[in-house]
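> Give me a model of this one.
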Amino acid sequence: ILEVLTSNVSAKALYLSIGFSVIREFCFFRQPVRDVLEKLDTKVVPLNVQCFEIPVLPDDSCVSAMWDFHPSWQNSNESMKRSFDTIKIVGAYCDAQLVGYGIVEPSTGDIPQIAVAPAYRRQGTGTMLLKHLLPYVTVEAAKVINVDITCTSLIAFLERAGMTNAGGQYEMQLLL
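Sure thing, here's the model as predicted:
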């Protein structure tokens, strides 16, 4: 599996010619942290939900029901486990139950995963998570990468949060 920017037409053509096929299309968002923090509507606070850093990566079985799409190989929990010492994880809890979480890599500004349980969406939980993730970022801009283009709910959330769709990429696979 590999990823190719949608703007890199010659690379896509080369990979297609040697047997790769496009299996998904992603977009990615990028925006200066200060711009996003200024845009976030912090007046909306979800009832009984609190966010704080958690020391462990939530298990797939615990969080997969929150996903609208399976993370790319680059953003998978297996990949996050390999880079665990470089990431921060924030959980959103309601009555001791995990109802959302996000992961950020401070040194790159990448937010490889952010998800909220369906029953807690559109109530400020995602905004609260983003507000708690962004202060960890040590570079100018935050990036949410590998957002499946069919996931209109996440795309709309990121746009409302002031993030800019900065481009696209294909996930390609070679079957042997």
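> Partner strands of the longest strand anywhere in the chain and their direction?
Longest strand in the chain by number of residues, with DSSP state E as the criterion: strand 20-32. According to DSSP bridges, strand 20-32 forms sheet pairs with strand 141-148 (antiparallel), strand 164-174 (antiparallel).
> So which elements touch the next helix-or-strand element following that strand?
Going down the chain from strand 20-32, the next helix or strand is helix 33-39, by DSSP states H and E. If you count contacts as 3 or more CB pairs under 8 Å, 6 or more residues apart in numbering; DSSP states H and E, helix 33-39 packs onto strand 141-148. C-betas here are computed from N, CA, C, even on glycine.
> Check the offset of the strand it packs on from the chain's centre.
6 Å (CA atoms, centre = their mean, to the nearest Å).
> Show residues contacting that strand.
Identification of contacts with strand 141-148 by CB atoms under 8 Å, 6 or more residues apart in numbering yields 3, 24-33, 36, 68-69, 71-72, 74-75, 104, 108-112, 114, 133-134, 154-155, 158, 163, 166, 169, 171.
> Buried ones in it, by neighbour count?
Residues of strand 141-148 classed as buried by neighbour count (16 or more other CB atoms under 10 Å): 141-148.
> Show me what counts as buried in stretch 98-109.
98-105, 108-109.
> same question, stretch 117-133
Residues 117, 120-121, 123-133 are the ones in stretch 117-133 that count as buried (16+ other CB under 10 Å).
> ok so, going back, widest-spaced pair of the buried residues of strand 141-148?
Farthest-apart pair in those is Ala141 and Asp148; separation 21.4 Å (CB to CB).
> just the helices in this protein please.
In the chain, the helices defined using DSSP state H lie at 9-17, 33-39, 60-63, 77-82, 125-133, 152-160.
> chain center to the fourth one, what's the gap?
On the basis of CA atoms, centre = their mean, the separation between the geometric centre of helix 77-82 and that of its chain is 14 Å.
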